[in-house]
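sequence unknown, structure follows:
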């Protein structure tokens with residue numbers, strides 16, 4: 001029969017470990033510390049938000065140099081390197097920050113999940129499992145004549161599900177830039193005025209439009225300059241993209257090429273009398289000027305989560321908690337969203353448009369990819385053009401990222417606007 005011994009009641013320093021003469025057993029403690037030090041497990045870092053990094057588009061406006069250190073936390077500190085490595089940030093440039101985190105004593109990166117960290121203002125933030133090497137990509141700022149807009153980089157070669165039931169797939173081979181927001185009336189009006197009445201520069205005063213556009217839509221809205229331009233048709237949209245390209249060249253001395261041509265001539269007239277040219281417009285794939293999105297480019301950007309996982313086709317863009325519309329077979333085993341109002345302006349929460357930055361963005365930091373105004377895409381379907389996103393007058397049925405409609409290219413209404421892109 002074995003005897004059972006206990007250390008409870010043993011006087012402090014009574015028990016001596018021969019192999020480690022400095023070791024003692026405190027009173028009433030069953031743990032024997034070795035070498036006067038207690039072995040502790042490191043805690044996995046759980047502070048995900050990396051702060052202290054000023055987004056390049058903000059630093060550019062404030063003429064601040066790139067930061068090289070993050071704001072230190074109780075769990076880690078870190079350094080920042082930039083690509084391109086400019087002394088001061090420039091316009092029209094997508095910047096990437098590589099952040100190297102160093103855990104403090106008592107903390108470890110082992111156990112950190114993939115894409116765990118976040119950086120305010122970044123369009124994508126990535127890290128691999130168990131790693132403190134964090135990559136943050138920021139949008140490029142375009143600014144001219146007192147008006148600015150940001151464009152987000154979307155890498156090419158991604159394959160993603162399509163349709164409201166995710167029953168098809170598509171691949172966008174080219175990388176591209178997409179504007180964070182719908183085209184504002186402020187930007188539309190600035191370019192429109194230059195294009196229709198300016199002089200001196202190529203394109204200035206050489207444009208004519210079927211519609212003058214208006215600020216926002218709905219009778220109760222504020223209709224300010226930071227709402228989307230509406231009441232423009234597809235013809236207006238492609239012609240205005242050419243005008244934006246030439247206006248930006250004139251303001252910034254860039255050398256962007258107009259995308260839309262007919263019989264090798266730049267299209268500068270969207271009136272019905274020039275419908276043949278507009279309806280048969282060629283989108284030059286090698287041109288780097290401003291343009292409309294293709295339907296697949298729009299859906300990819302609306303669904304994007306991390307390049308591997310995608311928002312379900314029956315959800316609104318950015319809302320991964322649940323479907324925005326129940327067609328009887330909600331995808332992913334989820335229920336209905338309870339936070340749809342955070343992402344979309346639609347018939348249940350508004351009777352008019354809102355500021356283009358009013359709601360929460362999706363994972364690419366794109367705003368109103370569902371709701372606010374329906375957005376023209378370049379694609380031709382039968383004899384009509386594709387629109388996506390749904391508007392402030394639509395029900396949630398139209399907000400689904402897998403859904404699209406088509407309308408005549410000469411149709412305009414106060415629920416319709418557009419968003420710009422550039423081939424990268």
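Yep, it's here. Please read all numbers here as calculations on a predicted model, not as lab measurements. Residues are numbered from 1 along each chain as shown.

check contacts around the residue minimising distance to the centre of the chain.
For the chain, residue 364 is the residue whose C-alpha lies nearest the centre (C-alpha atoms, centre = their mean; 2.0 Å). Going by C-beta atoms under 8 Å, 6 or more residues apart in numbering, residue 364 touches 123, 124, 152, 154, 178, 301, 304. Heads up, the C-betas are built off the backbone N, CA and C, glycines and all.

which of those residues are buried? Put it as a ChimeraX command.
Here is the ChimeraX command that selects the buried residues among the contacts of residue 364 (16 or more other C-beta atoms under 10 Å):
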select :123,124,152,154,178,301,304
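
the contacts of residue 364 in strands, which ones?
Of the contacts of residue 364, the ones assigned to strands by DSSP state E are 123, 124, 152, 154, 178.

OK, contacts around the third one?
In this case it means residue 152. Applying C-beta under 8 Å, 6+ apart to residue 152 gives the contacts 123, 139, 177, 178, 179, 180, 301, 364, 365, 366.

separation between it and residue 362?
Per C-beta to C-beta, to the nearest Å, residue 152 is found 10 Å from residue 362.

quick one, helices of the stretch 251-400 of the chain?
Applying DSSP state H, counting those that start in this stretch to the stretch 251-400 of the chain gives helices spanning 275-279, 295-303.

could you dump the ones in strands among the contacts of residue 364 into a markdown table and include distance to residue 165?
As requested, the ones in strands among the contacts of residue 364 are arranged in a markdown table below (distance: C-beta to C-beta, whole Å):
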| residue | distance to residue 165 |
| --- | --- |
| 123 | 28 |
| 124 | 27 |
| 152 | 27 |
| 154 | 24 |
| 178 | 25 |
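
quick check: the farthest pair among those?
Spatial extent of the ones in strands among the contacts of residue 364 (C-beta to C-beta) is set by the pair 124 and 178 at 12.7 Å.

so for residue 391, what's the nearest residue that isn't a sequence neighbour?
For residue 391, ignoring the flanking residues on the chain, the nearest one in space by C-beta to C-beta, 6 or more residues apart in numbering is residue 415 at 3.9 Å.

isn't that neighbour up against residue 392?
Yes: with contact defined as C-beta atoms under 8 Å, residue 415 and residue 392 form a contacting pair (6.8 Å).

now do the shared contacts for the two.
Shared contacts of residue 415 and residue 392, defined by C-beta under 8 Å, 6+ apart, are found at 217, 373.

more neighbours: those two, which one.
Using other C-beta atoms under 10 Å as the criterion, residue 415 and residue 392 rank with residue 392 on top: 27 against 19.

and the gap between the more buried one and residue 364?
Residue 392 sits 22 Å away from residue 364, going by C-beta to C-beta.

swap in residue 210?
The gap separating residue 210 from residue 364 is 32 Å, by C-beta to C-beta.

sorry, back to before: overlap in contacts, residue 152 and residue 362.
residue 301.

ok, the residue nearest to residue 391 - contacts?
Listed by C-beta under 8 Å, 6+ apart, the contact set of residue 415 reads 217, 230, 373, 374, 391, 392, 393, 394.

between these, which is closest to residue 246?
residue 230 (23.3 Å).

and the closest one, how many neighbours?
30.

phi first, then psi, for it.
Here is the backbone geometry of residue 230 (degrees, to the nearest 10): phi -130, psi -180.

gap between the residue nearest to the centre of the chain and residue 48?
18 Å.

ranges for the helices of the stretch 1-150 of the chain?
Here the stretch 1-150 of the chain has its helices, by DSSP H, counting those that start in this stretch, at 56-62.

can you pull out the low-pLDDT segments for it?
For the stretch 1-150 of the chain, applying pLDDT under 70 flags the ranges 1-40.

go with 90
Within the stretch 1-150 of the chain, the stretches with pLDDT under 90 are 1-41, 86.

can you map out the strands along it?
Assigned by DSSP state E, counting those that start in this stretch, the strands in the stretch 1-150 of the chain fall at 43-44, 49-50, 76-83, 96-103, 107-108, 118-119, 122-126, 133-138, 140-144, 147-154.

also the stretch 201-350 of the chain?
Remark: strands assigned in the stretch 201-350 of the chain by DSSP E, counting those that start in this stretch are 214-215, 229-230, 260-262, 265-266, 282-283, 290-292.

compare the helices of the stretch 251-400 of the chain and give me the one nearest residue 408.
Among these, the nearest to residue 408 by C-beta to C-beta is helix 275-279 (10.1 Å).

buried residues, that closest one. List them.
By neighbour count on 16+ other C-beta under 10 Å, the buried set for helix 275-279 is 277, 278.

output the contacting helices and strands for it.
helix 234-252, strand 260-262 (3 or more C-beta pairs under 8 Å, 6 or more residues apart in numbering; DSSP states H and E).

quick one on the thing from earlier: of all the strands of the stretch 201-350 of the chain, which one is nearest residue 100?
Closest to residue 100 of these, according to C-beta to C-beta: strand 290-292, at 36.1 Å.

from the contact counts, what lies against that closest one?
Contact here means 3+ C-beta pairs under 8 Å, 6+ apart; on that basis strand 290-292 packs against helix 234-252, strand 374-381, strand 420-423.

report the buried residues of the second one.
Okay, so that is strand 374-381. Buried residues in strand 374-381, counted by 16+ other C-beta under 10 Å: 374, 375, 376, 377, 378, 379.

I'd guessed residue 217 sits against residue 354; true?
No: contact between residue 217 and residue 354 fails when scored by C-beta under 8 Å: they sit 10.2 Å apart.

from residue 397, how far out is the residue nearest to residue 391?
Counting by C-beta to C-beta, the separation of residue 415 from residue 397 is 15 Å.

and residue 281, how far is that from residue 177?
20 Å.

what does residue 413 give?
On the measure of C-beta to C-beta, residue 413 and residue 177 end up 28 Å apart.

what about the two, which has more around it?
Shown here are residue 413 and residue 177; by other C-beta under 10 Å, residue 177 has more neighbours (21 against 15).

thank you, goodbye.
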